[in-house]
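*Asks:* need a 3D model of the sequence below.
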Amino acid sequence: MAVEVGLLTVAEWPWLVSRSAATAWAHVDPALRDRVNPQAVAARVEQNLRALLTRPGSAALVARAGGAAAGYLVVALVPDELTGLPVGLFYDIFVEPAYRGTGVSHRLTAAGEAHCRAWGASLVRRYIDPGNEPSLRHALREGCRIDRLSLVKVL
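*Replies:* Here you go, the predicted model:
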């Protein structure tokens, strides 16, 4: 299967936002779900994506197979909180279920890393839900290492 990665088109924006919103809702902590709804989370996701994609060095990359969107990677260039040096942030990566296990994620990762290098980043950071074992395995296969752990406590 031939997969090409390019920049997000205007026509693909609703697709990306809907997938990102669904993923975000799945990651809302159960302790917070009684105070928010999927529509509010979707609105926040779209607001965050729009703000992120206006930053220099940010891009939404889309993998296409036979012209159909197969997956995306939203990547940002952010300053490292300790050094201020530019770091690539893989903000959101998603592959349509029909294309999982076909190399789409690998192609998106390679394109995202090339994008970050072109903007002067020498490090890429990713955040993965600990229950998302396929994504964790993929990141480790692609050369990532566990850097920090994020801990939460319900109050």
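*Asks:* show me where the chain has its strands.
*Replies:* Along the chain, the segments classed as strands by DSSP state E run 3-7, 59-65, 68-79, 86-95, 124-126.
*Asks:* the longest one to strand 86-95, inter-axis angle?
*Replies:* Which is strand 68-79. Counting by axes from the mean of the first three to the mean of the last three Cα atoms, to 10 degrees, strand 68-79 points 160 degrees away from the direction of strand 86-95.
*Asks:* and strand 68-79, how far out from the chain's middle?
*Replies:* 5 Å (Cα atoms, centre = their mean, to the nearest Å).
*Asks:* what does the shortest one give?
*Replies:* Between the mean C-alpha location of strand 124-126 and the chain-wide mean there is a distance of 10 Å, by Cα atoms, centre = their mean.
*Asks:* and it, what does it pack against?
*Replies:* Packed against strand 124-126 by the contact rule (3 or more Cβ pairs under 8 Å, 6 or more residues apart in numbering; DSSP states H and E) you find strand 86-95, helix 104-118. For glycine as for every other residue, the C-beta is placed from the backbone atoms N, C-alpha and C.
*Asks:* how does it look with 7 Å?
*Replies:* In terms of contacts (3 or more Cβ pairs under 7 Å, 6 or more residues apart in numbering; DSSP states H and E), strand 124-126 is packed against strand 86-95.
*Asks:* just checking, what packs against the strand it packs on?
*Replies:* Packed against strand 86-95 by the contact rule (3+ Cβ pairs under 7 Å, 6+ apart) you find helix 13-27, strand 68-79, helix 104-118, strand 124-126.
*Asks:* output the strands of the chain in JSON lines, with distance to Leu16, mean pLDDT and mean neighbour count appended to each entry.
*Replies:* Converted to JSON lines, those look like this (distance: least, Cβ to Cβ, whole Å; pLDDT from 0 to 100; neighbours: other Cβ atoms under 10 Å):
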{"stretch": "strand 3-7", "distance to Leu16": "11", "mean pLDDT": "97", "mean neighbour count": "15"}
{"stretch": "strand 59-65", "distance to Leu16": "6", "mean pLDDT": "98", "mean neighbour count": "21"}
{"stretch": "strand 68-79", "distance to Leu16": "5", "mean pLDDT": "97", "mean neighbour count": "21"}
{"stretch": "strand 86-95", "distance to Leu16": "8", "mean pLDDT": "95", "mean neighbour count": "22"}
{"stretch": "strand 124-126", "distance to Leu16": "18", "mean pLDDT": "95", "mean neighbour count": "19"}
